[in-house]
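> sequence isn't available, so here's the structure alone:
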């Protein structure tokens with residue numbers, strides 16, 4: 001499961017991917033359109049700029065734009081600043097479950113986690129922002 005911050009980051013990125021003609025988009029416009037609290041989104045956008053996912057430009061006509069094409073930006077890259085993928089707590093009470101210190105469900109749960117990571121690494125923001133059949 002993703003944090004609320006990660007969900008907001010994805011919603012903001014989907015909006016930006018779908019509206020390249022409006023770049024740079026002011027943060028308040030993204031917040032309004034994606035239904036995200038503006039102050040919360042401001043921090044998320046700063047983190048995405050710092051991590052190299054977005055570019056920002058200051059001033060009255062400034063805003064945010066994707067640094068790379070939506071087809072080249074994976075969900076994993078977008079979420080990495082907000083999620084601790086390598087330090088997942090064990091949902092079955094074993095603290096930080098690992099191959100060295102597995103819980104009773106470890107082998108099956110690891111398949112779920114590995115599948116999620118594969119999805120995030122193989123899926124781009126374009127894949128989730130547009131319908132396959134028509135590109136919109």
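Received, thanks. On a predicted model such as this, the values are computed, not experimentally measured, just so you know.
> list the contacts of stretch 98-111.
90-94, 97 (CB atoms under 8 Å, 6 or more residues apart in numbering). (Each C-beta comes from the backbone N, C-alpha and C, glycine too.)
> from the residues you listed, which is closest to residue 112?
residue 91 (9.9 Å; CB to CB).
> so for the closest one, what's the nearest residue that isn't a sequence neighbour?
residue 109 (7.3 Å; CB to CB, 6 or more residues apart in numbering).
> buried sites along the helix or strand containing that neighbour?
Here residue 109 sits within helix 106-122, counting by DSSP states H and E. Residues of helix 106-122 classed as buried: 106, 109, 120 (neighbour count, 16 or more other CB atoms under 10 Å).
> columns distance to residue 130 and pLDDT on top of these, output as a markdown table?
Formatted as a markdown table, the buried residues of helix 106-122 follow (distance: CB to CB, whole Å; pLDDT from 0 to 100):
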| residue | distance to residue 130 | pLDDT |
| --- | --- | --- |
| 106 | 37 | 87 |
| 109 | 32 | 83 |
| 120 | 18 | 96 |
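> okay, these in JSON lines with distance to residue 32 next?
Output for the buried residues of helix 106-122, formatted as JSON lines (distance: CB to CB, whole Å):
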{"residue": "106", "distance to residue 32": "44"}
{"residue": "109", "distance to residue 32": "39"}
{"residue": "120", "distance to residue 32": "27"}
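> which among these gets closest to residue 31?
Residue 31 lies nearest to residue 120 out of the buried residues of helix 106-122, by CB to CB, at 24.1 Å.
> spell out the secondary structure type for residue 8.
Following DSSP: H, G, I helix; E, B strand; the rest coil, residue 8 is assigned to helix.
> what about the spatially closest residue to it that is not a sequence neighbour, distance to residue 9?
Leaving aside its chain neighbours, residue 8 sits nearest to residue 36 (4.8 Å; criterion: CB to CB, 6+ apart). Using CB to CB, to the nearest Å, residue 36 is found at 9 Å from residue 9.
> residues shared between the contacts of these two?
residue 44.
> higher neighbour count, the two?
Using other CB atoms under 10 Å as the criterion, residue 36 and residue 9 rank with residue 9 on top: 25 against 22.
> surely that one meets residue 80?
No - the criterion here is CB atoms under 8 Å, and residue 9 misses it with residue 80 at 10.0 Å.
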